[in-house]
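Student: give me coordinates for this.
(4 chains)
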4 protein chains.
Amino acid sequence: MLIILEKKFKESQKQTLLKLLVENGSKFRDTTFNGRQVIVVSDVSSGKISSGIAKVPCIERIVDVNEPYQLCSRNAKSSDTVIKVQDFKIGGGEFGVIGGPCTVESEKQTLDIAVQVRKAGATALRGGAFKPRTSPYAFQGLKEAGLKILAKARAETGLAIVTEAMSCDEVMLVAEYADVVQIGTRNAQNYRLLEKCGEVRVPILLKRGFSCTLEEFLMSAEYILAGGNDRVILCERGIRTFETYQRYTFPAGSIPALKMLTHLPLVVDPSHAAGRVEFVPSLSYAAAAVGADGLLVEVHNAPETALCDGRQSLLPKEFAAMVKKCKKIVKLLHDKD
Amino acid sequence: MLIILEKKFKESQKQTLLKLLVENGSKFRDTTFNGRQVIVVSDVSSGKISSGIAKVPCIERIVDVNEPYQLCSRNAKSSDTVIKVQDFKIGGGEFGVIGGPCTVESEKQTLDIAVQVRKAGATALRGGAFKPRTSPYAFQGLKEAGLKILAKARAETGLAIVTEAMSCDEVMLVAEYADVVQIGTRNAQNYRLLEKCGEVRVPILLKRGFSCTLEEFLMSAEYILAGGNDRVILCERGIRTFETYQRYTFPAGSIPALKMLTHLPLVVDPSHAAGRVEFVPSLSYAAAAVGADGLLVEVHNAPETALCDGRQSLLPKEFAAMVKKCKKIVKLLHDKD
Amino acid sequence: MLIILEKKFKESQKQTLLKLLVENGSKFRDTTFNGRQVIVVSDVSSGKISSGIAKVPCIERIVDVNEPYQLCSRNAKSSDTVIKVQDFKIGGGEFGVIGGPCTVESEKQTLDIAVQVRKAGATALRGGAFKPRTSPYAFQGLKEAGLKILAKARAETGLAIVTEAMSCDEVMLVAEYADVVQIGTRNAQNYRLLEKCGEVRVPILLKRGFSCTLEEFLMSAEYILAGGNDRVILCERGIRTFETYQRYTFPAGSIPALKMLTHLPLVVDPSHAAGRVEFVPSLSYAAAAVGADGLLVEVHNAPETALCDGRQSLLPKEFAAMVKKCKKIVKLLHDKD
Amino acid sequence: MLIILEKKFKESQKQTLLKLLVENGSKFRDTTFNGRQVIVVSDVSSGKISSGIAKVPCIERIVDVNEPYQLCSRNAKSSDTVIKVQDFKIGGGEFGVIGGPCTVESEKQTLDIAVQVRKAGATALRGGAFKPRTSPYAFQGLKEAGLKILAKARAETGLAIVTEAMSCDEVMLVAEYADVVQIGTRNAQNYRLLEKCGEVRVPILLKRGFSCTLEEFLMSAEYILAGGNDRVILCERGIRTFETYQRYTFPAGSIPALKMLTHLPLVVDPSHAAGRVEFVPSLSYAAAAVGADGLLVEVHNAPETALCDGRQSLLPKEFAAMVKKCKKIVKLLHDKD
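Tutor: Below you'll find the predicted structure:
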């Protein structure tokens, strides 16, 4: 249950409300959502809210939501959430493109690619400084040095910076340098990390766990919203199935399903889904056509020498041609008639 | 190994060749493919072909193919296969749309829908007369009476007829009435049925087994081609995964993968993948954008009373709007620049 | 709905009943099940049965079953079904072991293995004469010549013969030579074939489709029972999942689930699940421990020269040691205390 | 590559070795494993080790391992790892049983169950103080108060305590109170958490990610071993597949596969795999029969009132009967003959 307070309310009234909730034995959390103060009451099933509570004057309305995810739900907020950082804008009809290398390898590599993805129509730069690697013996990223390079790339290009954090400490550090903190697929149900994402003031790009259901995906986003950060960008990056011809399976139907269930913006990562560069453009066209709000794409100026994931990285000129077509598809589908 | 004969050859030369193959202990099959007589030799690994064979005059060339599927492969034939029946044309840039009800329920229902899907841009009519049902107690279709209704719909509209057969006998019967014989997902590895499809002179629409890999899918098609029928239309209809929000998962990446591996035309069935009508248009846009050669869509003029699958059937006017947009996407992606 | 007739009834009464059902507009099928005449009425939802029907004297009781599978269900028959052919006995506490080669290769090979599996404790011999192969170019089996070899092996050893049929014609042919007709995983939803299995008088060993749910598996068995053959042995042979370390995944939990849902006996095929011989014994112990009624195991006296699946075949002495341990586990779990 | 040092070596020699590795441009990590000092060199492919290195006197042998997981591998250590804490012993033929409630609810509940699982044959107590919940609104556990209750249960019963930690901070805290730190399935690829587990001096029970391959599972364990903690107990708890009849699918074949690949002990959690109590005993028998080294089972004295997972919890007396049978199966399979 969500108790949405009026735009302007007296602090004393709110205190009365909280006191009544305590007396009622309810568990609740005081947060902001959609520009409003909201009390999230979480144990409605076990204890009824007394009728006295509903009469406290500062309450605008009470939303009784049955979904296990509440703040994410279209029921809680019917209009699309739009997120804007630097020149990057996504949601509500804005198609936001994020491009860049898998890994920040050097200042020169990063700046070169940044300039080229900007020219190609991207408004945000991706690039890993902290890299989650299946093997403990693999290259783990440049860490803070990588973040500094990304910040420099932003200064030179105006691109928003999207980069991953893997621990609570890294979330705080990344939030200092970057515009969007990315949470990877392997941490999609790392609840302590999601709670920490609720505390920072930068948007979060949350990747779907590669075997999470849509409901579990939204519940993970709910952790961030319930923690106080309502700027979450969802990212579909492919799921694991019996089919191994491509690295993961891009389940195109998840896009319209998520757009129906939630108001949050949603990007597609075709690079990890495909795992092979020759399939990235067509998956991107599919993503644009099926209703995604944007793309997160790996781009490298010398894929054959990339430290990581070169096989799935587009060249800048391929990326530019692809972005152009994606935007045409989006426009075509938005046009009346 | 494929031994492709010259366009014009002397029967006596061919007999010499076959005799040499027999002496050599090779297993082979005499078929036609791509307008040519082809000898498919299948046990190359166990017995070498004697050098004498390669010198028989009627041979144009010998193709040594390593894929387990040979005739389906782009290596065997690099150009797109185009299939044409009635006004229906698919492959090689032609976007073929097949629409119609899940099941043939009555003459009136079928003719009404046929007229409407034709007007909406379809050139073929789907509709089940023999219905594969998970339960033996469910409605099994109108059978031959249904085929007669479909033939009547063709006579009145010029639409090609696509309808399913579930046994060898039914293949023969359906081939008499319909233009394309459909093989369903549950029979995708029913090898005796596939062999029978190799013997008939009508094109086959072969649905992917809902848990078959791409290689297994192509091997099933190979049964039909090796049997002598090279007019096969592949159909991606969604795969079974852990995700149950939609009936099946539409794995968009399978489309560009199949287009790379095979020369056969490929349609997408968004209706069975989605299982719910609200997702059918966006999956169709995705299919068009990702490179499919056409669509197979359930359309019903009164979905709420449909005997089967009403929940996933579009209304004719929804179908018309969707087909229009799909064709625009296809055009956009084919346009230079 | 099942209308179970009394043990002895007058034909005229039955005719009255059927006439009333026709007048009532009901769809029904007249079959035998569990030694009784049963009328399976399949459209209860669409048309109520008139109260007059229930009063026809020949009716013992009417079972209103809600499961989509009715005759398979424990609700229709609570006691375990026991199947006996030759010396092979399975169900109701009897642990039935079926061993033999993947493929019938020659008379000598088959007889040698038959003698050895008999000595090792098997009472049935498996061996393919009609082989379903993913590739049309692979060895397809000795066909009727193979059936004759199997019949000879039975004559010499007393083993029951279990062998596969892939088409309606083959079902009839196999039923002439063999004691049990096997339906393979790729034909698990080949409904015409299942209907044919309902017509023959030999037991059917039905493999689970490698991606069928338990409900779908039981619905396939239901086709056979509804067709009039209530002697069906289910076979769990592993499902397809994201895990590729073994050929398929043996889902041990399906065994107690099926034993709860159905009265039919259930064997496990550890050979196809594992795909590698080193895992076959431990999967067999697991099968025995988790409640299977028997095993279907590939055994070969020279696995390295086997025409098919040698990598997953046990040697006869390994098979003997394994069977012994499996029977001890079964005994241990049945013992009181 | 692993450089294993002699039991006794001069520190100056080791320093010489490390200096040579630095000069060689190699990346390495200094750790202990199996009671020995080991230098793990991780970039063998990119830079050859100079021949001079192999001659440094303190080196006993150099193991060139190709598996991506090195320390976990049977190649690195052929004998079974045995782990002992309090009265709990697992591996090398010891069958270790861990029982207890899903969640620590109160002191009384926990102590009552502890006494009963001890009597039933368990030597370790499970019980969650920090609970990973899909919903942010669900009960999150008693936290440190729960750990204190568990410590009290150990004091009264001698049971080793196994309980979960979800963040680096919690690992340190849990390690103070408990005997084994559990890492849950959703954190199975939380690499920062795994690194922290490498630093503590208590054994780790690592659950398989519900969609991780066996290789990924071992790579996660490798993070802990490479971090310096070689006391890791693996736990198979079921994987996510298309089958939803049970909560997860227990892939019995993973047990012999893991026992072949790694020397680490391996327990099975039948409770989460089954999700329903009626299937827990048979899955436990399967686990014992297929070669698991132990069990992790949910037991509750009043399942109907449990705060969490009551539906999958055994009663103490059911647990006792089941443990007895499991131990008989293990004995039977270890017996000669």
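Student: what about A:R154, which helix or strand?
Tutor: helix A:144-157 (DSSP states H and E).
Student: swap that for A:K259, please
Tutor: helix A:254-261.
Student: what residues of stretch A:284-294 count as buried?
Tutor: By neighbour count with 16 or more other C-beta atoms under 10 Å in any protein chain shown, stretch A:284-294 contains the buried residues A:284-294. Heads up, the C-betas are built off the backbone N, CA and C, glycines and all.
Student: neighbouring contacts of that stretch?
Tutor: Here stretch A:284-294 makes contact (C-beta atoms under 8 Å, 6 or more residues apart in numbering or on different chains) with A:90-91, A:94-98, A:233, A:236, A:250, A:252-253, A:255-256, A:259, A:265-268, A:270, A:295, A:297, A:322, A:325-327, A:329-330, A:333, B:252, B:282-283, B:285-290, B:329, B:333.
Student: change it to 7 Å
Tutor: Residues from elsewhere that reach stretch A:284-294, judged by C-beta atoms under 7 Å, 6 or more residues apart in numbering or on different chains: A:90-91, A:95-98, A:252, A:255-256, A:259, A:265-268, A:270, A:295, A:297, A:322, A:325-326, A:329-330, A:333, B:252, B:282-283, B:285-286, B:288-290, B:329, B:333.
Student: so which bits of chain A are right by chain C?
Tutor: A:240-242, A:244 (C-beta under 7 Å from any C-beta of the partner chain).
Student: out of those, which is nearest to D:Q312?
Tutor: Among the residues of chain A next to chain C, A:R240 lies closest to D:Q312 (C-beta to C-beta), at 24.7 Å.
Student: doesn't A:G209 make contact with that closest one?
Tutor: No: using C-beta atoms under 7 Å, A:R240 is not in contact with A:G209; the gap is 9.6 Å.
Student: which one of these two has more residues nearby?
Tutor: A:G209 (26 against 22; other C-beta atoms under 10 Å in any protein chain shown).
Student: let me see the contact set for A:K324.
Tutor: The neighbours of A:K324, taking C-beta under 7 Å, 6+ apart as the test, are A:G121.
Student: revised request: answer the last question for A:V323.
Tutor: Residues in contact with A:V323 (C-beta under 7 Å, 6+ apart) are A:97, A:120-122.
Student: could you redo the last one with a cut-off of 10 Å?
Tutor: Contacts for A:V323 (C-beta atoms under 10 Å, 6 or more residues apart in numbering or on different chains) come out as A:95, A:97, A:99, A:117, A:120-122, A:281, A:284, A:288, A:295, A:297, A:299, A:314.
Student: low-confidence stretches in the stretch 201-337 of chain A?
Tutor: For the stretch 201-337 of chain A, applying pLDDT under 70 flags the ranges A:337.
Student: ok, the residue in chain A sticking out farthest from the centre - contacts?
Tutor: Outermost residue of chain A with respect to the C-alpha centroid, by C-alpha atoms, centre = their mean, is A:G52; its distance is 38.6 Å. With contact set as C-beta under 10 Å, 6+ apart, A:G52 has these partners: A:16-17, A:20, A:23-24.
Student: give me that answer again for 8 Å
Tutor: By C-beta under 8 Å, 6+ apart, the neighbours of A:G52 are A:L20.
Student: for the one 5 residues further on, same thing?
Tutor: Contacts for A:P57 (C-beta under 8 Å, 6+ apart) come out as A:9-10, A:13.
Student: surely it is in a helix?
Tutor: No: using DSSP: H, G, I helix; E, B strand; the rest coil, the assignment for A:P57 is coil, not a helix.
Student: for A:T16, see how far away it is.
Tutor: As judged by C-beta to C-beta, to the nearest Å, A:P57 and A:T16 stand 9 Å apart.
Student: rewinding a little: outside of the helix holding A:R154, which residues touch it?
Tutor: Residues outside helix A:144-157 that contact it (C-beta under 8 Å, 6+ apart) are A:86, A:103-104, A:106-107, A:110-111, A:114-115, A:118, A:125, A:127-130, A:142, A:159-161, A:163, A:173-174, A:176-179.
Student: how about 6 Å then?
Tutor: Helix A:144-157 is contacted by residues A:104, A:107, A:110-111, A:114, A:118, A:125, A:127, A:129, A:161, A:163, A:177 when judged by C-beta atoms under 6 Å, 6 or more residues apart in numbering or on different chains.
Student: of these, closest to C:V41?
Tutor: Closest to C:V41 out of these is A:T163 (64.8 Å), distances taken as C-beta to C-beta.
Student: for that closest one, give me phi and psi.
Tutor: Backbone geometry at A:T163, expressed as degrees, to the nearest 10, gives phi -150, psi 160.
Student: run a quick neighbour tally on it.
Tutor: Number of residues near A:T163 (other C-beta under 10 Å) recorded here: 26.
Student: kindly report the same for A:H334.
Tutor: Quick note: A:H334 (other C-beta under 10 Å) scores 9 neighbours.
Student: over to A:E236?
Tutor: 25.
Student: and A:M166, by the same measure?
Tutor: Residues contacting A:M166 under the criterion other C-beta under 10 Å number 26.
Student: do A:Q15 as well
Tutor: A:Q15 has 12 neighbouring residues, counting by other C-beta under 10 Å.
Student: all helices for the stretch 151-300 of chain A, in order.
Tutor: A:168-177, A:191-199, A:214-226, A:254-261, A:270-274, A:280-290 (DSSP state H, counting those that start in this stretch).
Student: and A:R29, its phi and psi?
Tutor: Here is the backbone geometry of A:R29 (degrees, to the nearest 10): phi -140, psi 130.
Student: I'd say it and A:V38 touch.
Tutor: No: with contact defined as C-beta atoms under 6 Å, A:R29 does not count as touching A:V38 (8.9 Å).
Student: the two: who's more crowded?
Tutor: The neighbour count for A:R29 versus A:V38, taken as other C-beta under 10 Å, is higher for A:V38 (24 against 14).
Student: quick one: contacts for that one?
Tutor: Residues near A:V38 by C-beta under 6 Å, 6+ apart: A:2, A:4, A:31.
Student: which other residues reach the helix or strand harbouring the second one?
Tutor: Assigned by DSSP H and E, A:I4 falls within strand A:2-5. Strand A:2-5 is contacted by residues A:36-40, A:58-63 when judged by C-beta under 6 Å, 6+ apart.
Student: list only buried entries from those.
Tutor: A:37-40, A:58-59.
Student: could you identify the most distant pair in those residues?
Tutor: Between any two of those, the greatest separation by C-beta to C-beta is 15.8 Å, found for A:V40 and A:C58.
Student: domain parsing for chain A?
Tutor: For chain A, the structural domains run A:2-63, A:83-334, going by automatic domain parsing.
Student: all strands for chain A, in order.
Tutor: For chain A, the strands defined by DSSP state E occupy A:2-5, A:28-33, A:36-41, A:59-63, A:83-85, A:88-90, A:96-100, A:124-126, A:160-164, A:180-183, A:204-207, A:232-236, A:266-268, A:294-298.
Student: these into CSV, with extra columns for distance to B:L225?
Tutor: Output for these, formatted as CSV (distance: least, C-beta to C-beta, whole Å):
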stretch, distance to B:L225
strand A:2-5, 60
strand A:28-33, 58
strand A:36-41, 60
strand A:59-63, 59
strand A:83-85, 51
strand A:88-90, 46
strand A:96-100, 42
strand A:124-126, 44
strand A:160-164, 47
strand A:180-183, 46
strand A:204-207, 41
strand A:232-236, 36
strand A:266-268, 35
strand A:294-298, 37
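Student: which residues of the stretch 101-250 of chain A lie near chain D?
Tutor: Residues of the stretch 101-250 of chain A lying close to chain D (C-beta under 6 Å from any C-beta of the partner chain) are A:132, A:134-137, A:166-167, A:186-187, A:189-192, A:211, A:216, A:219, A:222-223, A:226, A:240.
Student: thanks again, I'm all set now.
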